[in-house]
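Student: sharing a model prediction with you, sequence too.
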Amino acid sequence: VWRTDIRPEGREDGGFGGGVAVSGGRVFVASGHRVVTALDAATGAQVWQTRVDVPIHGAPTVAGGRIYVVDIDNLLYAFDARTGQQVWTYRGIPEPARLMRASSPAVLADTVIAPFASGEVVALRANNGQPVWSEVLSRTSRTSALSEIRDIAGRPVISRGTVFAVSHSGVIAAMDQRSGARRWELPIAGVNAPLPVGDVVYVVSKTGELTVVNRESGQVYWTRDLNEGRTRQKGGFLGIGDRTVRPQWTGPILASNRLVLGNSFGDVVAFDPKTGQEVAALRLGDPIHAPPIAYNGRLYVVTDAGQLVAIS
């Protein structure tokens, strides 16, 4: 229907990361080009463009007439969705190491829940950016230096007065939306958003385990290894230096009473939400690092090869 270039004038290089959000007849784009842009959803015409100081790797969140984005230096911006004018900012704890992927704030009514690479989850007032509470999801493991990366790469989720968030360093926590008090926590490291559904919460660990937890108590009902039967051997000449490679998973989402996930081997896989048994799989071939979405009876998946695939 239309195509437009959001790169600032004079910039011909690529800009890593970013994302889009749609609201009120406009498409809002954050990008690694250090700009936030608003486009007319019908024509693609640029409505406004606001520059920021450093690149933005995560998608924007639009709510209540404002746009919220977090840059790679842990600075949260709030912009007026109509004009692009900066309303307020909030600076998180600086963090020298982070993941390449990035998260987005979650917003409900007058509360903004912002995730940061420091492992912080901060609740702020939407109208002025004043902090209400802050929690750090951090757990250091002596067996892995990667646990020092405390990034929250999966978007926090607000559900029934509870905030669910998971960090790369090994903590998933359920926190009271108003006070931040922890209702429970578990030693699970992840880079995907948790999925609260009914009385349970689904979470996928970075090692490829799907775990189902009671949303009120944190009791674990069951855990399934998604990588069972899906490993590959990768190594040097004649098998010298072979190592086992496991896929990285993204998701889950719930669609047509199935838990659907994608992985870095190019598979889209559906599981029974009650038992964790695999019920369907489709090989797309190209790696999948963005979670699928479901709309109007179809699944939509974007692969690393830049293909958008619709699945009935």
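Tutor: In hand now; what should we look at? Residues are numbered from 1 along each chain as shown.

Student: residue 191 - that's part of a helix, no?
Tutor: No: secondary structure assignment places residue 191 outside any helix; it is coil (DSSP: H, G, I helix; E, B strand; the rest coil).

Student: just read off the phi/psi values of it.
Tutor: When read as degrees, to the nearest 10, the backbone of residue 191 gives phi -130, psi 10.

Student: that one: how many residues sit nearby?
Tutor: By the other C-beta atoms under 10 Å criterion, the neighbourhood of residue 191 contains 21 residues. (C-beta placed from N, C-alpha, C; glycine too.)

Student: can you tell me how far it is from residue 47?
Tutor: In this view, residue 191 and residue 47 are 33 Å apart by C-beta to C-beta, to the nearest Å.

Student: just residue 245 next, same as before
Tutor: Using C-beta to C-beta, we find residue 245 at a distance of 45 Å from residue 47.

Student: now residue 189
Tutor: Computed with C-beta to C-beta, the distance linking residue 189 and residue 47 is 40 Å.

Student: which of those two has more residues huddled nearby?
Tutor: Of the pair residue 189 and residue 47, residue 189 is the one with more neighbours under other C-beta under 10 Å, namely 21 against 17.

Student: so what's the more buried one up against?
Tutor: Residues counted as contacts of residue 189 (C-beta atoms under 8 Å, 6 or more residues apart in numbering) are 139, 147, 166, 167, 168, 169, 170, 171, 205, 206, 207.

Student: for the residue nearest the centre of the chain, give its distance to residue 285.
Tutor: Averaging the C-alpha coordinates of the chain gives a centre point, and the residue nearest to it by C-alpha atoms, centre = their mean is residue 154 (3.5 Å). Counting by C-beta to C-beta, the gap from residue 154 to residue 285 is 25 Å.

Student: now swap in residue 128 and tell me
Tutor: To residue 285, residue 128 is 48 Å away according to C-beta to C-beta.

Student: what does residue 23 give?
Tutor: Distance from residue 23 to residue 285, by C-beta to C-beta: 34 Å.

Student: what do you get for residue 25?
Tutor: Look at residue 25 and residue 285: by C-beta to C-beta, they are 36 Å apart.

Student: and for residue 27?
Tutor: Distance of residue 27 to residue 285, computed by C-beta to C-beta: 29 Å.

Student: same check on residue 134?
Tutor: With C-beta to C-beta as the criterion, residue 134 and residue 285 are 43 Å apart.

Student: neighbour count winner among the two?
Tutor: When neighbours are counted by other C-beta under 10 Å, residue 134 comes out ahead of the other of residue 134 and residue 285, with 15 against 11.

Student: leaving out chain neighbours, which residue sits closest to the more buried one?
Tutor: Of all residues not flanking residue 134 in the chain, residue 122 sits nearest, at 4.6 Å (C-beta to C-beta, 6 or more residues apart in numbering).

Student: again with residue 52
Tutor: Setting aside the residues directly before and after it, residue 52 is nearest to residue 34 in space (C-beta to C-beta, 6+ apart), at 5.3 Å.

Student: go on, residue 227?
Tutor: By the measure of C-beta to C-beta, 6+ apart, the closest residue to residue 227 outside its immediate chain neighbours is residue 208, 4.1 Å from it.

Student: residues contacting the one you found?
Tutor: The contact partners of residue 208, by C-beta under 8 Å, 6+ apart, come to 225, 226, 227, 246, 247, 248, 249.

Student: residue contacts, the residue nearest to residue 134?
Tutor: Contacts were defined as C-beta under 8 Å, 6+ apart; by that measure residue 122 touches 90, 92, 113, 114, 116, 131, 133, 134, 135.

Student: and these, which is the shakiest by pLDDT?
Tutor: pLDDT is lowest at residue 92 among the contacts of residue 122; the value there is 87.

Student: quick check: that residue touching residue 121?
Tutor: No: judged on C-beta atoms under 8 Å, residue 92 makes no contact with residue 121 at a distance of 10.0 Å.

Student: so what sits against both of the two?
Tutor: Common neighbours of residue 92 and residue 121, counting by C-beta under 8 Å, 6+ apart, are residue 114.
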